[in-house]
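Asks: Mind folding the following:
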Amino acid sequence: MTTGIYKITCKETRQCYIGQSKHIERRWTFHHKRFPPQLFNYEILVTCPVADLNELEILMIETFDSHANGFNKTIGGTSIKATHLPAESRAKISAAKKGKPRTPEQRARISAATKAAMARPGMKEKISEATKAAMQNLKKEKN
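Replies: Okay, the predicted model is just below:
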């Protein structure tokens with residue numbers, strides 16, 4: 001089984017969902033009901049150690065803008081339980097995190113994980129293509 005970050009993209013709208021899993025292929029079987037393979041593309045973005053999953057998921061959700069303009073309900077890096085918090089609790093957590101700078105240790109871990117992910121063959125091209133597609137969709141929506 002593959003551990004890492006994956007992306008599910010709607011073939012029609014190009015909106016996507018970014019997820020993390022210790023067993024990506026097994027996780028996809030649960031997604032097939034909500035995201036049928038005939039309507040969605042499934043791809044593995046990054047394989048990584050379990051310890052890097054949260055930070056890489058946050059980075060990829062930010063890169064593909066799938067929280068604001070996709071199917072992600074959170075900014076990532078949390079368990080599914082966090083998506084079911086009451087709106088008031090989510091607002092408090094969000095307010096507490098806003099304006100709070102990351103520690104040097106957090107920045108170093110994110111940097112190392114990003115460098116490792118970007119060093120994988122074809123990763124820069126995948127992100128570049130996805131970013132271009134996302135930007136084109138945003139331009140279409142604005143017009």
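
Asks: which element is residue 6 on?
Replies: According to DSSP states H and E, residue 6 maps onto strand 4-10.

Asks: What of residue 58?
Replies: Residue 58 is part of helix 53-64 when elements are defined by DSSP H and E.

Asks: Quick check: buried residues in that helix?
Replies: 53-61, 64 (16 or more other C-beta atoms under 10 Å). Quick note: C-beta positions are derived from backbone N, CA and C, even for glycine.

Asks: any chance you could map the helices in this structure?
Replies: Applying DSSP state H to the chain gives helices spanning 24-31, 53-64, 87-97, 104-118, 123-142.

Asks: out of these, which comes closest to residue 13?
Replies: For the helices of the chain, proximity to residue 13 was assessed by C-beta to C-beta; helix 123-142 is nearest, at 7.5 Å.

Asks: which residues are contacting that closest one?
Replies: 7, 13-16, 43, 45-46, 63-65, 69, 117-118 (C-beta atoms under 8 Å, 6 or more residues apart in numbering).

Asks: Buried ones among those residues?
Replies: Buried subset of the contacts of helix 123-142 (neighbour count, 16+ other C-beta under 10 Å): 7, 14-16, 45-46, 64-65, 69, 117.

Asks: May I ask which of those comes out lowest in pLDDT?
Replies: The lowest pLDDT within these belongs to residue 117, with 77.

Asks: How about that one, nearest residue that isn't a chain neighbour?
Replies: residue 46 (4.4 Å; C-beta to C-beta, 6 or more residues apart in numbering).

Asks: quick one: that neighbour and residue 115 touch, right?
Replies: No. Checked against C-beta atoms under 8 Å, the pair residue 46 and residue 115 is beyond contact range at 11.7 Å.

Asks: Which neighbours do the two have in common?
Replies: By C-beta under 8 Å, 6+ apart, no residue touches both residue 46 and residue 115.

Asks: dump the residue contacts of residue 15.
Replies: Going by C-beta under 8 Å, 6+ apart, residue 15 touches 9, 66, 69-71, 137.

Asks: gap between residue 75 and residue 98?
Replies: Distance from residue 75 to residue 98, counting by C-beta to C-beta, to the nearest Å: 12 Å.

Asks: The two: which is more packed in?
Replies: Higher neighbour count among residue 75 and residue 98: residue 75, with 15 against 7, using other C-beta atoms under 10 Å.
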